[in-house]
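1. Here is my input; please provide its structure:
(chains A and B)
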Amino acid sequence: MSIFVDQATRLIVQGITGRDGGFHTEQMQAYGTRVVGGVTPGKGGQQACGVPVFDTVSEAVRATGANASVIFVPANVAADAILEAVAGGIRTVVCITEGIPVRDMNAVMPRVRAAGVRLIGPNCPGLISPGQCKVGILPGNIVRPGKVGLVSRSGTLTYEVVYHLTAAGLGQSTCIGIGGDPVIGTNFIDCLAAFQADPATAAVVMIGEIGGTDEEEAAAHIKEKVTLPVVAFIAGRTAPPGKRMGHAGAIIAGGSGTAADKIASLRAAGVPVAEIPSQIVPLLAAQYKP
Amino acid sequence: MKIHEYRAKELFRRQGIPVPDGFVVGTPEEAKERARELGGPVVIKAQVLVGGRGKAGGVKLARQHDEVRDKADQILGMEIKGLTVRRLLVTRAVDIAQEYYLGIVQDRAAQRATLMVSAAGGVDIEEVAAKTPEQIIKLRLDPVAGLSPHEARHVAFQVASGRIALRMADVLTRLWQAYADSDATLAEINPLVVTPTGEVWAVDGKMVLDDNALYRQSEIAGWRDPAEATPEEDEARLAGLSFVKLEGDVGCLVNGAGLAMATMDLVAHYGGQPANFLDIGGSSHPDKVVRALDIITRDRNVKAILFNIFGGITRCDDVARGIIEAKAKTGIHLPIVVRLVGTNEDEARRLLAETDLVAAESMDEAVQKAIALAKGAAA
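-> Next comes the predicted model:
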């Protein structure tokens, strides 16, 4: 078991004929993900990465029975690509694209929710259920099947932590990057709830960063509803206020969103918070044996 | 991206919000001349992209025209929170009977804009929010339809009455237009002044725009004030790098924003000081590495450089070649520690071993080595 994606995932790639879309489609196929088609408007009827290309998502869904989509299109058309996936009947949409305007995402979210679609991202590396399915750009060679669920707002920092977990013999159920933007489809609480409900997940690692109050809300949720052991790490203790640290969402604004606040909230909820990434494994090992 | 008060007011004016006449000037003489054109008392306001200008002495009232020159001279060149005042807004003063706060801001958790209105205008709204939150009326706006006129009236009639409330509601709907049309994440009028005769005026304006939307806001994108960022930060932005200058001596070059922050934190954890945040992004192409090294080494405080690259799918031997090539091109002599993880990492370490670059296996080891080298170089 796992969360959000597994062996039943039938994936289409929106933007399959682009450079990134094509490269990562091959990587996903090599990992064993069932990629059933791609979508590039105007290139319907062609083949890419050994699968058929369609002009629209709804055609792709009709022809292939796809239930998930991953988006690699440019930022100025990505919000529309999400809506197209929703309208086409896709149930799980993973948007890798970085740089979508906030106003566009504000408008997208109510329609995603109304349709009951699971949107992951945007501006995220996607997710991987080791040994089953990878949707996105996470490197498949660093994960191992196991029982630790991992959720993070980051990309490469996620890989760093997964690398430590795998080296320590702590395999993963699902590793998910929820994205570095201020408006995202799936937040920490959604993932914590899904991990809690997943019989194959026995512990959770949560990696947050400065900006917003998602970690604080997750802390309250953990205290009330999560019985699995959770260990956290928060990046950005040394980040100066008012400066955007790479991710659009990673900014301390008006005194809110500091690492110190997030760490304090998590600790108050009984969640051990690692001082540095290499402490995550020992903190987890103290609470959970595979 | 922040824009100046006079720019925000220009956007307000285009939507039909009443804004007192004013001019932007760069010299005391010009200020005096423009004040005469405006007639009557004027307010002279420092145009810098920080809050608290009034408290810092950057806003002055000149009742007589012979005061304008001196007062403008006092403000020009003043340092406010590290920014030098180079331009002033000279604007017609209005009589104040009542001051309101009007603001629209992106609410992250609610994933939509929120309207905020308060009768406690003219003061720092964050203070009002902290001390007397009940004085702020809030309304979450529909993410597609925005602020409807009836909603604007509903809010306005909670803080004002009669004609004043109707005028305020009109300003609110126009403020929403300014916010939506320019892809803002914040638009504030603080204060909206009501005069003794019942006129309303947007006396101060503030706007922050969504960086991700600047591609479709070409006019506003051209309003970026170079003083908002250091020249290096600007250069990095144009090169597609995310860079923030800090005060330490360990230059950091990392792929990915989260890992870059964690690397800075780790430098501080082991007793060092990071010189910068730098996310080199997905590709570690030699040209990009050259630009990044060039930007980092311009900071004279930097005594050692730390590469922390989690390659993942990227081939580490390619990255190592890129770093070696970039070092040769830039000709820098600072000690460089390189930590690479990913495909072909052993080959990468072999390549590095043939150079004077210091290879490290883990992030902790790399950071500790870089700190030691920075301290050694400084001694």
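
2. pLDDT wise, what is the residue lying closest to residue B:267 once chain neighbours are set aside at?
-> The shortest distance from residue B:267 to any residue other than its chain neighbours is 4.5 Å, reached at residue B:274 (C-beta to C-beta, 6 or more residues apart in numbering or on different chains). Heads up, the C-betas are built off the backbone N, CA and C, glycines and all. Predicted confidence (pLDDT) for residue B:274: 97.

3. now swap in residue B:284 and tell me
-> pLDDT, residue B:284: 60.

4. mind listing the helices in chain B by residue range?
-> Ranges of helices in chain B, per DSSP state H, are B:5-14, B:28-38, B:65-75, B:125-131, B:149-159, B:162-181, B:218-221, B:231-238, B:257-269, B:286-297, B:316-330, B:345-353, B:363-378.

5. Just the C-alphas of the third one, formatted as CSV.
-> Extracted in CSV, the C-alpha atoms of helix B:65-75 (Å, rounded to 0.1, in the frame of the first residue of the first chain):
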residue,chain,number,x,y,z
HIS,B,65,6.1,77.2,0.5
ASP,B,66,9.4,78.6,1.8
GLU,B,67,9.6,75.6,4.1
VAL,B,68,9.5,73.1,1.2
ARG,B,69,13.0,73.5,0.1
ASP,B,70,14.6,72.9,3.5
LYS,B,71,12.3,70.0,4.4
ALA,B,72,12.9,68.3,1.1
ASP,B,73,16.6,68.8,1.7
GLN,B,74,16.4,67.2,5.1
ILE,B,75,14.7,64.0,3.7
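
6. Can you give me the buried ones in it?
-> Within helix B:65-75, the residues that count as buried by 16 or more other C-beta atoms under 10 Å in any protein chain shown are B:65, B:67, B:68, B:69, B:71, B:72, B:75.

7. Pull the most distant pair out of these.
-> Across those, the longest distance by C-beta to C-beta is 16.4 Å; it joins B:65 and B:75.

8. Report how many residues lie close to residue 102.
-> In the absence of a named chain, this looks at chain A. By other C-beta atoms under 10 Å in any protein chain shown, the residues close to residue A:102 number 24.

9. think we crossed wires, I meant chain B
-> Under the neighbour criterion other C-beta under 10 Å, residue B:102 is assigned a count of 26.

10. Surely it touches residue B:173?
-> No - judged on C-beta atoms under 8 Å, residue B:102 makes no contact with residue B:173 at a distance of 11.0 Å.

11. residue contacts, residue A:177?
-> Taking C-beta atoms under 8 Å, 6 or more residues apart in numbering or on different chains, we find residue A:177 in contact with A:121, A:124, A:125, A:126, A:127, A:136, A:138, A:152, A:153, A:154, A:155, A:158.

12. if we go to 7 Å?
-> A:124, A:125, A:126, A:127, A:152, A:154, A:155, A:158 (C-beta atoms under 7 Å, 6 or more residues apart in numbering or on different chains).

13. Over to it: give its phi and psi.
-> When read as degrees, to the nearest 10, the backbone of residue A:177 gives phi -100, psi 120.

14. separation between it and residue A:279?
-> 21 Å (C-beta to C-beta, to the nearest Å).

15. Repeat that for residue B:208.
-> Taken as C-beta to C-beta, the span from residue B:208 to residue A:279 is 36 Å.

16. Please apply the same query to residue B:293.
-> From residue B:293 over to residue A:279 (counting by C-beta to C-beta), the distance is 31 Å.

17. Low-confidence stretches in the chain?
-> Looking at chain A here, since you left the chain open. By pLDDT under 70, the low-scoring segments of chain A are A:1.

18. Let me rephrase: I mean chain B.
-> B:282-284, B:313, B:377-379.
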